[in-house]
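Q: curious how this folds, go ahead:
(chains A and B)
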Amino acid sequence: MKTQRQTQKDQTRKLLLDTAIVQLAKDGLITTKTSDIAKAAGVSHGTVFVHFPTREILLSEVIEEVGMRIASRLNELAGNGGSVRDILTAHLKGLSEYEAFYTRLVVENNLIPEKSRHTLIMIQSAISIHLNHAVEREVSLGSIRPFPTHLLFNTWVGLIHYYLSNADLFSPNHSVLHRHGQTLIDHFLTMISP
Amino acid sequence: MKICIACGMPMQTAADYPQGDMEKDYCLYCARPDGSMHTFDEKREGLTNFIIKTQGLDEEAARKTALEMMAKLPAWKSYFNP
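A: Prediction:
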């Protein structure tokens, strides 16, 4: 059984992680200061380093945690199969729930520590497996043209990443996926239809 | 809901388990045809090939990414922290 001290320590750690998720999404993965995370969490700056010895460790744990949450959510939404349209819809729904943080990850992925960079690929793997199954089924039915698997996926992801990384131009102050998601799905499906 | 110890995939229904066996701690993608779990080398190559096929990464970059993913998973942790 955990001591009261240990329970309190776990709670502070969770508070710091949850606060860091919000703060990093808002101010950027690279530029957010640990002092701002501490302030937002209502703890002293030193407390951050009791739980996470360096800023890099904190960043790495936050990215890993959010990555697992997104991957798990995508799997939950898309795991029951369905049409290509269903999977694309599930993909955008899952991403929209973490839109600010996911956008930061896309935009700053080549700036974050190397050991955290696999997280974006892990997230893509969680959805690509379901999309691939649906695509193979519909290609065999003739409702989609055949393409190399990775090019079809990267064409889709490239489209949504362009809108996400320029959200200030496409949808200032609102979710770009909510505003343009349906249009992007319709357009992509039209492009790959026979 | 269990998470596959070998690849991290959430396992929701019996269809996600090898031969529908929900007692297992790994998913159907991490099982050999006889139902036993992939070895470290099999999983590394399987994940590498999956990443190349579905996302088009360079082979070495894909293998490195596969190893970074595996380092976080319970089935393979001992290979990274002996």
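Q: domain parsing for chain A?
A: Using automatic domain parsing, the domains assigned to chain A come out as A:1-53, A:60-192.
Q: nearest to chain B, of those domains?
A: domain A:60-192 (3.2 Å; CB to the nearest CB). Bear in mind the C-beta positions are built from the backbone N, C-alpha and C, glycine included.
Q: residue contacts, the closest residue to A:Ala167 other than its chain neighbours?
A: Nearest non-adjacent residue to A:Ala167, counting by CB to CB, 6 or more residues apart in numbering or on different chains: A:Val176, 4.1 Å away. Listed by CB atoms under 8 Å, 6 or more residues apart in numbering or on different chains, the contact set of A:Val176 reads A:Glu99, A:Tyr163, A:Leu164, A:Ala167, A:Phe170.
Q: same thing but at 6 Å, please
A: By CB atoms under 6 Å, 6 or more residues apart in numbering or on different chains, the residues touching A:Val176 are A:Tyr163, A:Leu164, A:Ala167, A:Phe170.
Q: what would these look like in TSV with neighbour count, secondary structure and pLDDT?
A: Shown next, in TSV, are the contacts of A:Val176 (neighbours: other CB atoms under 10 Å in any protein chain shown; DSSP: H, G, I helix; E, B strand; the rest coil; pLDDT from 0 to 100):
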residue	neighbour count	secondary structure	pLDDT
A:Tyr163	19	helix	98
A:Leu164	23	helix	98
A:Ala167	20	helix	96
A:Phe170	14	helix	97
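Q: which two from those end up farthest apart in space?
A: A:Leu164 and A:Phe170 (8.8 Å; CB to CB).
Q: pull the number of nearby residues for the residue lying closest to A:Leu29 once chain neighbours are set aside.
A: Using CB to CB, 6+ apart and skipping the chain neighbours, the partner closest in space to A:Leu29 is A:Glu108 (4.7 Å). Counted with other CB atoms under 10 Å in any protein chain shown, residues neighbouring A:Glu108 total 16.
Q: returning to what we had before: out of the contacts of A:Val176, which is nearest to B:Lys2?
A: Among the contacts of A:Val176, and counting by CB to CB, the member closest to B:Lys2 is A:Leu164, at 31.7 Å.
Q: what's the pLDDT at the nearest residue to that closest one once chain neighbours are set aside?
A: Nearest non-adjacent residue to A:Leu164, counting by CB to CB, 6+ apart: A:Thr103, 4.6 Å away. Per-residue confidence for A:Thr103 comes out at a pLDDT of 97.
Q: what is the longest helix anywhere in chain B packed up against?
A: What stands out as the longest helix in chain B, according to DSSP state H, is helix B:40-55. Contacts defined by 3 or more CB pairs under 6 Å, 6 or more residues apart in numbering or on different chains; DSSP states H and E place helix B:40-55 against helix A:118-141, helix A:149-165, helix B:59-70.
Q: winner for burial among these?
A: Neighbour counts (mean count of other CB atoms under 10 Å in any protein chain shown) averaged over each of those peak at helix A:118-141, with a mean of 20.
Q: what is that helix packed up against?
A: So helix A:118-141, by 3+ CB pairs under 6 Å, 6+ apart, packs with helix A:55-78, helix A:84-96, helix B:40-55, helix B:59-70.
Q: redo these as CSV? Include distance to A:Leu17.
A: Putting the helices and strands packed on helix A:118-141 into CSV (distance: least, CB to CB, whole Å) gives the following:
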stretch, distance to A:Leu17
helix A:55-78, 6
helix A:84-96, 20
helix B:40-55, 27
helix B:59-70, 20
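Q: remind me which helix or strand the most centrally placed residue in chain A belongs to.
A: Nearest to the mean C-alpha position of chain A, by CA atoms, centre = their mean, lies A:Tyr102 at 3.5 Å. Assigned by DSSP states H and E, A:Tyr102 falls within helix A:99-108.
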